[in-house]
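Undergrad: compute the structure for the input listed below.
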Amino acid sequence: MVRDRITLIDGRSGSGKTTFATELARSTGAQLLSLDDVYPGWGGLEAAEAHVLHHVLRAIAEGRPPRWRSWNWPDARPGTWHDLDPQRPLVIEGCGAISPTARALADHALWIELTDDVERRRRAIARDGEVFARNWQRWARQEEWHAYRHDPRGTADEVVPG
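TA: Model prediction:
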């Protein structure tokens, strides 16, 4: 298991990122920050990436207190701020976690890969229900743009099967 101070875990929806990250955080005592809690709605992948980069990764690198703001999904508005302990290990997971800039501020980066798109969709819909089913294509386009723009798979230190 990875035991770094800051670990980034990225991958497409339904690949197994959250399951892997949850187990890693539990087994290492790390804090877990899931981008699912940060995305400002179904069009917010890039915004969450920028938010975590500024308020968490750069904050830690600059000696500022790291914190992040949740998204209140039911009310479709920003939620509360959450502080992170800069002395504890941190796992950040979600599509958008790995970019070259974020990777430079982290100790380790993992890409979780599941190439079976039908299985990925099945898993994601089983987890998040009909709301995700209605937004699947919209979200997939953002994931594809993220992959094109940042090459998270190529930027990762390891590719882990989902």
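Undergrad: now Thr80: which helix or strand?
TA: Secondary structure from DSSP states H and E places Thr80 in strand 77-83.
Undergrad: can you tell me which helices and strands that strand packs against?
TA: strand 67-72 (3 or more CB pairs under 8 Å, 6 or more residues apart in numbering; DSSP states H and E). Using the backbone N, CA and C atoms, a C-beta is placed for each residue, glycine as well.
Undergrad: how big is the angle separating the strand holding Thr80 from strand 67-72?
TA: Counting by axes from the mean of the first three to the mean of the last three CA atoms, to 10 degrees, strand 77-83 lies at 150 degrees to strand 67-72.
Undergrad: and the helix or strand just after strand 77-83, how far out from the chain middle?
TA: Downstream of strand 77-83, the next assigned helix or strand under DSSP H and E is strand 90-93. Its chain's average C-alpha position is 7 Å from that of strand 90-93, according to CA atoms, centre = their mean, to the nearest Å.
Undergrad: sorry, back to before: what's the mean pLDDT across the strand holding Thr80?
TA: Across strand 77-83, pLDDT averages out at 98.
Undergrad: again with stretch 105-118
TA: The model assigns stretch 105-118 a mean pLDDT of 96.
Undergrad: need the CA coordinates for that stretch. PDB is fine.
TA: The C-alpha coordinates for stretch 105-118 follow below in PDB (Å, rounded to 0.1, in the frame of the first residue of the first chain):
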ATOM      1  CA  LEU A 105       2.400  19.100  -5.500                       C
ATOM      2  CA  ALA A 106       1.700  15.500  -4.500                       C
ATOM      3  CA  ASP A 107       3.900  12.500  -3.500                       C
ATOM      4  CA  HIS A 108       2.100   9.900  -5.500                       C
ATOM      5  CA  ALA A 109      -0.600   9.600  -8.200                       C
ATOM      6  CA  LEU A 110      -2.600   6.600  -9.200                       C
ATOM      7  CA  TRP A 111      -4.900   6.100 -12.200                       C
ATOM      8  CA  ILE A 112      -7.600   3.500 -11.600                       C
ATOM      9  CA  GLU A 113      -8.500   2.000 -14.900                       C
ATOM     10  CA  LEU A 114     -11.500   0.000 -16.000                       C
ATOM     11  CA  THR A 115     -11.700  -0.200 -19.800                       C
ATOM     12  CA  ASP A 116     -15.100  -1.900 -19.900                       C
ATOM     13  CA  ASP A 117     -17.400   1.200 -20.400                       C
ATOM     14  CA  VAL A 118     -20.600  -0.800 -20.000                       C
END
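Undergrad: report pLDDT for Asp128.
TA: 87.
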